[in-house]
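Engineer: the following block contains a protein sequence and its predicted model.
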Amino acid sequence: DALEVLGSLESQQVIPGQVSFGAAAEACTSSARLDKAMELVQTMRLRRLQPNAVVMSTCISASARDSQWQLGLGLVDDLRWSLQHERRCRKAFAGAFNGNA
């Protein structure tokens, strides 16, 4: 089970990153466990690890497949906000780096 593998990484003092969480989320959604995939998204956020577009799109697709459109729309809004926030941060960084802050 993907969640056990993810847990075993931590027991071996390996800190899982976006790729590990993404693979686990994909495995969860492939086995019709959207609830577990959403728990992984929440865990990522609690660890201050921003779920990337791959993780989010995996969960969005699974929510559509499972007819959970409200959940899917919430994820789309989260992803949209994250991308806008990232753009603002990059712009601010570029301005500061160029002395235009």
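Structural biologist: Everything's here; your move.
Engineer: identify the single longest helix in the protein, thanks.
Structural biologist: helix 69-97 (DSSP state H).
Engineer: same question for the one helix or strand V19 maps to, mean pLDDT?
Structural biologist: Take DSSP states H and E as the rule and V19 turns out to sit in helix 18-30. Average pLDDT, helix 18-30: 85.
Engineer: report the angle between the next helix or strand after it and helix 18-30.
Structural biologist: Toward the C-terminal end, the helix or strand that comes next after helix 18-30 (DSSP H and E) is helix 34-46. Interaxial angle, helix 34-46 versus helix 18-30 (axes from the mean of the first three to the mean of the last three Cα atoms, to 10 degrees): 160 degrees.
Engineer: that older thread, check which residues of the longest helix of the chain are buried.
Structural biologist: L71, G72, L75, D78, L79 (16 or more other Cβ atoms under 10 Å). (Each C-beta comes from the backbone N, C-alpha and C, glycine too.)
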